[in-house]
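[1] let me see the structure of the following:
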Amino acid sequence: MASIDLDKVLDKAWADKSLPEILAAPASALKGVSDRQGDLLQEAFGIKTVADLAELKYARWAQALAALDTSAK
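    Here you go, the predicted model:
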C-alpha cells in the first residue's frame, strides 16, 4: 500500500482533509503550487483539481520515460 506524508505535500489548510476532499481540491492545495500557477494549469491543460493533475497524460508520460532511464539509478 502506498503512503505519503501529507504535511510535506499539501498546504497546511489541506493537510487534515480526507482523501476525497484533497483530490477534489484545487491544484494550489499542493505545497509549492500558487493560485496563479493553478490558474495557468487550468488554462493550459484544463487542470482544476489535484485529481485532474494526477491524471495529466503528459505527466504520466514523463514519469514512464524517467522510469526507463537506468543511468540515473
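[2] buried stuff in stretch 5-18?
    Burial within stretch 5-18, assessed by neighbour count using 16 or more other CB atoms under 10 Å, is assigned to 10, 14. The C-beta positions use only the backbone N, C-alpha and C, and glycine is treated the same way.
[3] can you tell me the distance between the two ends of it?
    Terminal residues of stretch 5-18 are spaced 13 Å apart (CA to CA, to the nearest Å).
[4] how about residues contacting it?
    With contacts defined as CB atoms under 8 Å, 6 or more residues apart in numbering, stretch 5-18 is touched by 21-22, 25, 28-31.
[5] mean confidence for stretch 39-54?
    The pLDDT scores in stretch 39-54 average 97.
[6] now it, how far from the centre of its chain.
    9 Å (CA atoms, centre = their mean, to the nearest Å).
[7] what does the pLDDT read for Lys73?
    58.
[8] residue numbering should commence at 190 henceforth.
    New numbering, starting at 190: the last item is Lys262.
[9] could the contacts of stretch 194-207 go into CSV alongside pLDDT and distance to Ala191?
    As requested, these are arranged in CSV below (pLDDT from 0 to 100; distance: CB to CB, whole Å):
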residue, pLDDT, distance to Ala191
Glu210, 97, 18
Ile211, 97, 14
Ala214, 98, 19
Ser217, 97, 23
Ala218, 98, 19
Leu219, 97, 17
Lys220, 97, 18
